[in-house]
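> Sharing a sequence plus its predicted fold:
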Amino acid sequence: MKFSDILKLSFNALRYRKLRSFLTMLGVIIGSSLIIVLTSQTTGLNYYFISQFSKSGINIIYVLPTSNFKLSLYNIPQFSSIDGVKTIVPIIMGYATVKFPDRTVNARVVGVESAFLKEIFPGLKLIEGSYPSRNDYVSMLMGYAIAFPTEEDSLHPPVVGQITPVIFRYDHRKYSSSMVITGILESYGSIFPFNIDDSIIISIEAADAFYNMRHYYSALVLVAEDVSLVDSIVESINILYSNQVRIIVPSQMVETVSNMIRQVELFLEMIAAFSLIVASIGIANIMFISVIERTRFIGLFKALGATSMDILLLFLSEAILISFIGGVIGCLLGISLSYVIGPSLFSMLRVPGSPIRGRSFSGFQPVFTPELIVTAFTVSLLAGLLAGLYPAYKASKLDPVIALRSE
């Protein structure tokens, strides 16, 4: 029997039992689409975090004080003495309320010397304006999300040169000041330990005065001469300060987050695989029913000269056809759902401390690879092949005389 005839008979058998074929196919569709959706989301999330952490530079080391220790101006010479440290940038962080004519926004305040901004945040750019000078107590840079919010329409967007009241909050005290917007930043995205888009940036001296820090700092940012020196610098800091400081290395965090995401991805792929196992059981069940229903047909077919191999291929092709069509639909459905589910889900999330929802994951997109599509489709085909193999074998071994006698 020609292979084309076998395919035609298999397709007609599925078309004759449309509802049953579709319900059987549904398991394969769900399984293959789950593989696409879950894997593309976790891969996209991994790429997203890598890109976000990379924004702070792979040669950056954040040093934060613990509850029983404070970083001050007097610690900077010790950090400078460590081999491989190129630059040390002190940072003061706090919170403030920015009052616009039509709205009030809670923002994070970053006090830093603007000359080092591009060294800490590579690629940071201004839409317009200029950076505040070192001893400027009235100028501020405004993050993109503060200037152009997403959850409310601003009738009067801020402009460079505008004077804006700002209330700086320190413990239970407040300090009010009129600040001049000297520049508005382009959207940069969220990086640890703060989101530039949701922040206002002022000079380190202004932050020191407004928050009464007295030359104590929220963090020190160490810039290594080369990424290969980061580990040795971290080791030297541990020797000098032991448990007095917390050290955050973006390059190490990338590796840690990637490992965690890979574990989550493996777990989710197992869930998708179980759904395909359930689908293959459904295919096997339907194929056994199909063999029982068509016992007389098998006997007649063999009596007319069909071989056992023809019968095996006939039923096996039905199972493969179910998984083939289900796999194609599932892959297309999975790709479509990935673009809807992922961005919609992550747009509802927010990083603690971020006043505007959705900004933290605004650049997230699912990631598809040829290997992912091929894997999802191949696993679907294998599910149908393995599920249909034994029922097709049983059908091929039926005795034609006994089969013709069956009711």
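Yep, that arrived.

> so residue 109 bridges to which residues?
Here residue 109 shows beta-bridge partners residue 94, residue 200, assigned using DSSP bridges.

> how about the helices of the stretch 251-400 of the chain, start to end?
Per DSSP state H, counting those that start in this stretch, the stretch 251-400 of the chain has helices spanning 295-303, 308-347, 370-396, 400-405. These are given in chain order.

> Put together a markdown table for those helices, with mean pLDDT and mean neighbour count on each row.
For every residue, glycine as well, the C-beta is placed using N, CA and C. What follows is the helices of the stretch 251-400 of the chain, written out as a markdown table (pLDDT from 0 to 100; neighbours: other CB atoms under 10 Å):
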| stretch | mean pLDDT | mean neighbour count |
| --- | --- | --- |
| helix 295-303 | 79 | 17 |
| helix 308-347 | 83 | 20 |
| helix 370-396 | 87 | 19 |
| helix 400-405 | 70 | 14 |
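
> closest to residue 285 out of these?
helix 370-396 (8.6 Å; CB to CB).

> so residue 101, which of the three states?
Following DSSP: H, G, I helix; E, B strand; the rest coil, we place residue 101 in the coil state.

> wait, doesn't it sit right on residue 156?
Yes. Contact status for residue 101 versus residue 156: in contact at 5.2 Å, counting by CB atoms under 8 Å.

> ok, which stretches of the stretch 151-300 of the chain are strands?
163-170, 173-185, 190-191, 194-195, 199-202, 216-217, 219-224, 245-248 (DSSP state E, counting those that start in this stretch).

> ranking these by mean pLDDT, which is last?
Within the strands of the stretch 151-300 of the chain, confidence is poorest for strand 190-191, with a mean of 63 (mean pLDDT).

> Please name the spatially closest residue to residue 142 (chain neighbours excluded).
residue 184 (5.0 Å; CB to CB, 6 or more residues apart in numbering).

> Tell me how far the one you found lies from residue 130.
Counting by CB to CB, to the nearest Å, the separation of residue 184 from residue 130 is 11 Å.

> out of these two, which sits in the busier spot?
Regarding residue 184 and residue 130, a neighbour count based on other CB atoms under 10 Å identifies residue 184 as having more, with 20 against 12.

> Show me the beta-bridge partners of that one.
residue 128, residue 142.

> Give me the three-state assignment for the residue most central in space within the chain.
Centroid check for the chain by CA atoms, centre = their mean gives residue 45 as the closest residue, at 1.5 Å. What three-state DSSP gives for residue 45 is helix.

> right, and it touches residue 262 too?
No. Between residue 45 and residue 262 there is no contact under CB under 8 Å: 10.8 Å.

> so how far is residue 18 from residue 32?
For residue 32, the distance to residue 18 equals 20 Å [CB to CB].

> the more surrounded of those two?
residue 32 (33 against 9).

> Just confirm the more buried one is within a helix.
Yes. Assessed by three-state DSSP, residue 32 belongs to a helix.

> any idea how far it lies from residue 271?
For residue 32, the distance to residue 271 - CB to CB - is 13 Å.

> okay, and the common contacts of those two?
Overlap of the contact sets of residue 32 and residue 271 (by CB atoms under 8 Å, 6 or more residues apart in numbering) is empty.

> how close does residue 29 get to residue 139?
From residue 29 across to residue 139, the span is 58 Å (CB to CB).

> nope, residue 74 is what I meant
Taking CB to CB as the measure, residue 74 and residue 139 are separated by 28 Å.

> more neighbours, those two?
residue 139 (20 against 9).

> hmm, back to that, need the contact list for the closest residue in space to the residue nearest to the centre of the chain that isn't next to it in sequence.
Closest residue to residue 45 apart from its sequence neighbours, by CB to CB, 6+ apart: residue 261 at 5.9 Å. Counting by CB under 8 Å, 6+ apart, residue 261 makes contact with 42, 45, 46, 49.

> do that again at 6 Å, thanks
For residue 261, the contact set (CB atoms under 6 Å, 6 or more residues apart in numbering) comprises 42, 45, 46.

> Nearest to residue 148 among the residues you listed?
The closest of the contacts of residue 261 to residue 148 turns out to be residue 45 (CB to CB; 25.5 Å).

> I'd like the distance between the closest one and residue 268.
Residue 45 sits 11 Å away from residue 268, going by CB to CB.

> Contact partners for residue 90?
217, 220.

> Oh, that last question was meant for residue 321, not what I typed.
Residue 321 sits in contact with residue 10, where contact means CB under 6 Å, 6+ apart.

> What number of residues are in the vicinity of residue 165?
Applying other CB under 10 Å, we find 13 residues neighbouring residue 165.

> The residue lying closest to it once chain neighbours are set aside pairs with what?
In space, and not counting its chain neighbours, residue 165 is closest to residue 99: 4.4 Å by CB to CB, 6+ apart. As for beta bridges, residue 99 partners with residue 104 under DSSP bridges.

> Looks like residue 99 contacts residue 163 (just checking).
No. Judged on CB atoms under 6 Å, residue 99 makes no contact with residue 163 at a distance of 10.9 Å.

> Between the two, which has more neighbouring residues?
When neighbours are counted by other CB under 10 Å, residue 99 and residue 163 differ, and residue 99 comes out ahead with 15 against 9.

> Okay, domains of the chain per the record?
3-55+254-405, 60-225 (automatic domain parsing).

> Take the ones you listed and write them to TSV, including distance to residue 244.
Listed next are those as TSV, based on distance: least, CB to CB, whole Å:
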stretch	distance to residue 244
domain 3-55+254-405	22
domain 60-225	4
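
> closest one to residue 234 among these?
domain 60-225 (6.4 Å).

> circling back: got a markdown table for the helices of the stretch 251-400 of the chain, with distance to residue 123 too?
Listed next are these as a markdown table, based on distance: least, CB to CB, whole Å:
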| stretch | distance to residue 123 |
| --- | --- |
| helix 295-303 | 69 |
| helix 308-347 | 22 |
| helix 370-396 | 29 |
| helix 400-405 | 73 |
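
> right, so of these, which gets closest to residue 200?
helix 308-347 (23.7 Å).

> Next, count neighbours for residue 102.
11.

> thinking it is in contact with residue 156, fair?
Yes. Contact criterion CB under 6 Å: residue 102 and residue 156 qualify, at 5.4 Å.

> For residue 338, give me its contacts.
37, 40, 366.

> For the first one, give me its contacts.
Same thing as residue 37. 334, 337, 338.
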